[in-house]
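A.B. asks: dropping a prediction and its sequence here:
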Amino acid sequence: MVEPPRPSNRDELRELSGWPIRGEIDALDRSFRVFTGNRDELFRLLAESNEPARAFQLWALTNKDGFERFLDEADRLIHNFLSAAMTLRDHTRITAPRLLPADDADDLAERYAARIEKDFARSPLVRFVQKLRNFTLHYRLPVATGSLSAGFPEMRMETRVVLHASDLLKWSDWGPLARGYIESAGDDIPVGEAFGEYAAVAVAFHEWFRDALWTRHRTKLTELEDAEAKVREFQRRAWGEPISGPR
């Protein structure tokens, strides 16, 4: 039996049906990394503000300018988190119809729709975070302030960055679920807690969605990976081992 021709370069790999599929998955992964990178940067700032030495410094009466710079940085990172969250959401929305349409071979499209409804569409917290992005982009930056709680005699200080419901509710376009979340949260909405819960939902969904895409297209993606391995072996035999760059 004659073996089919083996791809020997990238141009031939591009002709395989798995190439554009993996390209879309890779693009979605890039949006996911942007989201998690912004999440990590925001949470790192919030965690650092609770280190004892840093907390005492932030709340010192002589450090008004330093505290304002801290809140400015919190504003920047809140803005970036919200933008990245919506980027990931929108890229997922355009990828699903192309790579996960309804198919009699499995129920992945139906499971995708059910998860979107349960995890996102019907969640007051998720609707709040997603609407907060529109508030930030089309109305103005939300007013973020610091909240301090201190424990004695341990001299423990805890700094929280909070949004104020009374300020947010001046905007009229929240929708019923997001507005209900704000009204039930009390006047102080801790950024770390709300965004952390949203991030957990988004990360879990992305991991499921990526696995679903690989399950649906496993044959084509495996064919592509096998072909790439053959190309690497062909190049190794033709040109030798690649030279490693400086570490």
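C.D. replies: Thanks, I have the structure now.
A.B. asks: going forward, measure contacts between C-alpha atoms and count neighbours the same way
C.D. replies: OK.
A.B. asks: least trustworthy helix or strand in this protein by mean pLDDT?
C.D. replies: Using mean pLDDT, DSSP states H and E, strand 144-151 stands out as the lowest-scoring helix or strand of the chain, at a mean of 60.
A.B. asks: residues contacting the residue nearest the centre of the chain?
C.D. replies: Closest residue to the average C-alpha location of the chain: residue 35 at 3.1 Å, with CA atoms, centre = their mean. Residue 35 sits next to 81, 84-85, 88 when contact means CA atoms under 8 Å, 6 or more residues apart in numbering.
A.B. asks: helix or strand for it, which one?
C.D. replies: If you go by DSSP states H and E, residue 35 is part of helix 18-48.
A.B. asks: host element of residue 159?
C.D. replies: Going by DSSP H and E, residue 159 is in strand 156-164.
A.B. asks: would you mark the buried spots in the helix or strand just after that strand?
C.D. replies: Moving toward the C-terminus from strand 156-164, the next helix or strand (DSSP H and E) is helix 165-168. The neighbour-count check on helix 165-168 (16 or more other CA atoms under 10 Å) flags 165, 168 as buried.
A.B. asks: now for the closest residue in space to residue 198 that isn't next to it in sequence, how many residues are close by?
C.D. replies: Nearest in space to residue 198, with sequence neighbours left out and distances taken as CA to CA, 6 or more residues apart in numbering, is residue 126 at 6.1 Å. Number of residues near residue 126 (other CA atoms under 10 Å) recorded here: 23.
A.B. asks: residue 180 is in contact with residue 123, correct?
C.D. replies: No - under the criterion of CA atoms under 8 Å, residue 123 makes no contact with residue 180, lying 10.6 Å away.
A.B. asks: residue 104 should be in a strand, yeah?
C.D. replies: No - Residue 104 is assigned coil when assessed by DSSP: H, G, I helix; E, B strand; the rest coil, not a strand.
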